[in-house]
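Visitor: only the shape, not the letters, is given here:
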């Protein structure tokens, strides 16, 4: 029941242009269909998270950045990886600007792990556009218990 239309047998007779109906049928609903814009892919980058008994290993593909542009934040079991890019290109002929291309953007990825991470022992390495994070797990006994008085 995707496209239900009401049939009008006199529709073609009311017009003088014989191709008008065929053109209407061809473009019917063309501008009404939703267009999916994947905005997440524009600002987020792909990651792989693997786990073993003692740590999580995160591999993120973030090409085209310097390691100074990357920021990693660990808050318990929440991880935030962000990268800010600033690119400018300007071509001049004499004193007149002919072309200027500027791009400023922030790319990020935030996710929650099943267990808290020991942020003091976490390590990060960025090489050839690949960020590798080693996030050791906090021992389960590290939670503080408070006695009720």
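Guide: Received, thanks. Note that the coordinates shown come from a computational prediction; the quantities given were computed from them, not determined experimentally.
Visitor: so what's the nearest residue to residue 61 once chain neighbours are set aside scoring on pLDDT?
Guide: For residue 61, ignoring the flanking residues on the chain, the nearest one in space by CB to CB, 6 or more residues apart in numbering is residue 46 at 5.3 Å. All C-beta atoms are positioned from the backbone trio N, CA, C, and that covers glycine. For residue 46, the model assigns a pLDDT of 91.
Visitor: pretty sure residue 46 sits against residue 62.
Guide: No - contact status for residue 46 versus residue 62: not in contact, 9.2 Å apart, counting by CB atoms under 8 Å.
Visitor: so where do the helices sit in this protein?
Guide: With DSSP state H, the ranges of helices along the chain come out as 20-27, 39-43.
Visitor: if you average pLDDT over each of those, which is lowest?
Guide: Looking at the helices of the chain, the weakest mean confidence is helix 39-43, a mean of 49.
Visitor: still on that earlier bit, distance check, the residue nearest to residue 61 against residue 130.
Guide: Distance, residue 46 to residue 130, by CB to CB, to the nearest Å: 11 Å.
Visitor: need the overlap of contacts for the two.
Guide: Listed as contacting both residue 46 and residue 130 by CB atoms under 8 Å, 6 or more residues apart in numbering are 60, 61.
Visitor: need the contact list for the residue lying closest to residue 140 once chain neighbours are set aside.
Guide: The spatial neighbour of residue 140 that comes closest, neighbours along the chain excluded (CB to CB, 6+ apart), is residue 115 at 7.8 Å. Going by CB under 8 Å, 6+ apart, residue 115 touches 77, 137, 138, 140.
Visitor: what is the burial count for the third one?
Guide: It stands for residue 138. Each residue near residue 138 was counted by other CB atoms under 10 Å, and the total is 17.
Visitor: OK, contacts around it?
Guide: By CB under 8 Å, 6+ apart, the contact list for residue 138 reads 115, 116, 117, 118.
Visitor: how about the second one?
Guide: Taking CB under 8 Å, 6+ apart, we find residue 137 in contact with 54, 55, 56, 115, 116, 117, 118.
Visitor: pLDDT score for it?
Guide: pLDDT, residue 137: 92.
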